[in-house]
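Peer 1: the following block contains a protein sequence and its predicted model.
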Amino acid sequence: MKKLVKVSAVLGIILGTQSAIATPFQAEVSQTEASEQTPNQMIELLQDWGFETVECQGDVVNMKHDVTGEIGCAVPDGEIQAGNFIYNSAENTISPMTAEQSNQLEAEATPQNPPIDNAGAAETEEQSATPQNPPIDNAGAAETEEQSATPQTSPIDNAGAAETEEQSATPQTSPIDNAGAAETEEQNATPQTPLIDNSVAAETEEQSAKAQEFVFGFDNAYDYSACLDVILLAYEGRQSALERVSKNQCARNVLSTFGTNLSKDAAFQLVKSANAHATEVLRNPLYPVFGIRRRVAINFGYVYDLDENNSDILELINS
């Protein structure tokens, strides 16, 4: 029985023109750069909540602070999977980032250089080269010199001086509210973990269950590849490309069942099910085109039987 061959999963590798698209977080932010500048509040929050923070590369949780705009990345765990999320500091909740928010972040990640006003720069340089000396008020200088030559002695209030000295010798201690200090210390020692949107986990679990029951009906390599292309685009979050791509009956069935956003578990389950249909159900085994097989290797770390000795595919997963 032919099946997918699992190899070491390597995520975030981009080779060639058809590789997976990196997120704006991965393109612009790294934990190392953040630590060399000012403290990253989002990274500190992730650590307080118990997540293991990592560099924003590969299959990680990308979290953006809604107020500061800072970004932190963490290793996925049982409560939250890899993906793009936004932290709502007012409600202390975490929600998945919409496609519009991801596109906006990508636009913000591209720095815009302001135009240089050469005329203003030349004027500033000319002013800097010519020092401006303030006018000297000789009359004021003469008056100041006369006052300095005649010392003015103020009367001494010995009674007031004695009272001040007595107050200085007696320190005034304010009462300490030990109960309030203890409560504050306890609150600071206990990080407040935000609420995780369980609907995301529930949706992922529901998609995985549907993927296991989904039945493919293609009978040629072209329809097979076109259907897998839609599955990969939905997983990669490439909504614009997904809208433009041609969709056959298989692709339309996938979108009507799962929508335009697929979790990694559901997408990979569909890839395996499609392979089983193509190699075990059909009389003549089928395989998708090279570009699709290449994206499957990059996204999931798997190769088809056809590519067991293909150096181009093996290089992608062993780099």
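Peer 2: Here it is on my side, so go on. Residues are numbered from 1 along each chain as shown.
Peer 1: any low-confidence regions in this protein?
Peer 2: Applying pLDDT under 70 to the chain flags residues 1-37, 78, 105-200, 319.
Peer 1: let me see the domain layout of it.
Peer 2: The record's domain parsing of the chain by automatic domain parsing lists 24-109, 198-288.
Peer 1: pretty sure residue 85 is in a strand, no?
Peer 2: Yes: Residue 85: assigned to a strand according to DSSP: H, G, I helix; E, B strand; the rest coil.
Peer 1: could you measure from it over to residue 248?
Peer 2: The gap separating residue 85 from residue 248 is 33 Å, by Cβ to Cβ, to the nearest Å. The C-beta positions use only the backbone N, C-alpha and C, and glycine is treated the same way.
Peer 1: higher neighbour count, those two?
Peer 2: residue 85 (20 against 16; other Cβ atoms under 10 Å).
Peer 1: now the more buried one, which residues is it bridged with?
Peer 2: Note on residue 85: beta-bridge partners residue 63, residue 96, judged by DSSP bridges.
Peer 1: could you check how far it is from residue 236?
Peer 2: The gap separating residue 85 from residue 236 is 17 Å, by Cβ to Cβ.
Peer 1: specify the local secondary structure of the nearest residue to residue 278 once chain neighbours are set aside.
Peer 2: Spatial nearest neighbour of residue 278, chain neighbours left out: residue 286 (4.1 Å); criterion: Cβ to Cβ, 6 or more residues apart in numbering. Assigned with three-state DSSP, residue 286 falls in the coil class.
Peer 1: now the domains of the chain as CSV including distance to residue 308?
Peer 2: Putting the domains of the chain into CSV (distance: least, Cβ to Cβ, whole Å) gives the following:
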stretch, distance to residue 308
domain 24-109, 24
domain 198-288, 12
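Peer 1: for these, which one sits closest to residue 300?
Peer 2: Residue 300 lies closest to domain 198-288 among the domains of the chain, at 5.0 Å (Cβ to Cβ).
Peer 1: OK, contacts around residue 90?
Peer 2: Going by Cβ atoms under 8 Å, 6 or more residues apart in numbering, residue 90 touches residue 66.
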